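Engineer: Mind folding the following:
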Amino acid sequence: MINTVVFDLGAVLVDWNPRYVFKHLFVTEDATEHFLAKVCTSEWNELQDAGRSFQEATNILTEQFPEYRSEIAAYYGRWEEMLKGPIPETVVLLAELKASNSFKLFALTNWSAESFPVAKEKYNFLSWFDGIVVSGEEKMKKPDPAIFYLLLERYSIDVKSCLFIDDNLLNIETASQLGIQCVHFEETNFSVSKIRHLLMGN
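Structural biologist: Presented below is the predicted three-dimensional model:
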């Protein structure tokens, strides 16, 4: 019997993508994709999610790629523009679960401690959770099992009654190995329908 639901945030409840900024800074799509694949990479950004400061991260890349100085500075200088907004279908689902009073609701997110307060101020639904674990605040990130254990212990969550929702398959695999039921969040409408049916029977 599931009585606890843990949501990832990015790409599940919040539409975030650096392309919303960089498609305006480069002439071609290929140039944008090259920059994100070779300069401001996902792996580089994830170290900020694990606690490294924006300033240190920006300095490191600027030294490596001085020809991209202004674009690198834009990554965190214009970070808020990378937030397109809530994913409405999932926010509606979260509201339904909250209104039912049948579930404890938590979030487990890979997100920088420097930028997460911006999202909290922008999106009221982030106040609906009973607790949120932010990787940048804890200096550890998914898929490290340690951050899952931290969540479970901090909020006394029983893995047998918990559902975890995430768009990243590596995170899903770790949670599954810990005995947590999971939904891999893929196409929005399909995934929301699957979660709603699993939790609410409709």
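Engineer: thought Leu178 was touching Asp144?
Structural biologist: No. Under the criterion of Cβ atoms under 8 Å, Leu178 is not in contact with Asp144, lying 11.5 Å apart. The C-beta positions use only the backbone N, C-alpha and C, and glycine is treated the same way.
Engineer: Can you name every helix or strand that the helix or strand where Trp44 lies contacts?
Structural biologist: Assigned by DSSP states H and E, Trp44 belongs to helix 42-49. If you count contacts as 3 or more Cβ pairs under 8 Å, 6 or more residues apart in numbering; DSSP states H and E, helix 42-49 packs onto helix 54-64, helix 135-138.
Engineer: quick one: Ser161 and Asn168, what's the gap?
Structural biologist: Per Cβ to Cβ, to the nearest Å, Ser161 is found 23 Å from Asn168.
Engineer: So which of these two has more stuff around it?
Structural biologist: Under the neighbour definition other Cβ atoms under 10 Å, Ser161 and Asn168 were set side by side, and Asn168 has more, 17 against 14.
Engineer: For that one, grab phi and psi.
Structural biologist: Main-chain torsions, Asn168, degrees, to the nearest 10: phi -100, psi 120.
Engineer: Would you map the strands across this protein?
Structural biologist: 4-7, 14-16, 83-86, 104-109, 131-134, 162-166, 181-184 (DSSP state E).
Engineer: so can I have CSV of the ones you listed showing mean pLDDT, distance to Ala74 and mean neighbour count?
Structural biologist: Output for those, formatted as CSV (pLDDT from 0 to 100; distance: least, Cβ to Cβ, whole Å; neighbours: other Cβ atoms under 10 Å):
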stretch, mean pLDDT, distance to Ala74, mean neighbour count
strand 4-7, 98, 29, 24
strand 14-16, 98, 15, 18
strand 83-86, 97, 14, 15
strand 104-109, 98, 23, 21
strand 131-134, 98, 23, 20
strand 162-166, 98, 28, 24
strand 181-184, 98, 32, 18
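Engineer: can you tell me which of those comes nearest to Ser191?
Structural biologist: Among the strands of the chain, the nearest to Ser191 by Cβ to Cβ is strand 181-184 (6.4 Å).
Engineer: With distance to Asp49 as added columns, please give the strands of the chain in CSV.
Structural biologist: Output for those, formatted as CSV (distance: least, Cβ to Cβ, whole Å):
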stretch, distance to Asp49
strand 4-7, 16
strand 14-16, 12
strand 83-86, 15
strand 104-109, 8
strand 131-134, 9
strand 162-166, 14
strand 181-184, 20
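Engineer: which residues are in contact with stretch 120-140?
Structural biologist: Residues outside stretch 120-140 that contact it (Cβ atoms under 8 Å, 6 or more residues apart in numbering): 7, 9, 13-14, 48-51, 80, 83, 86, 91, 94-95, 98, 104-114, 116, 119, 141-142, 146-147, 150-151, 154-155.
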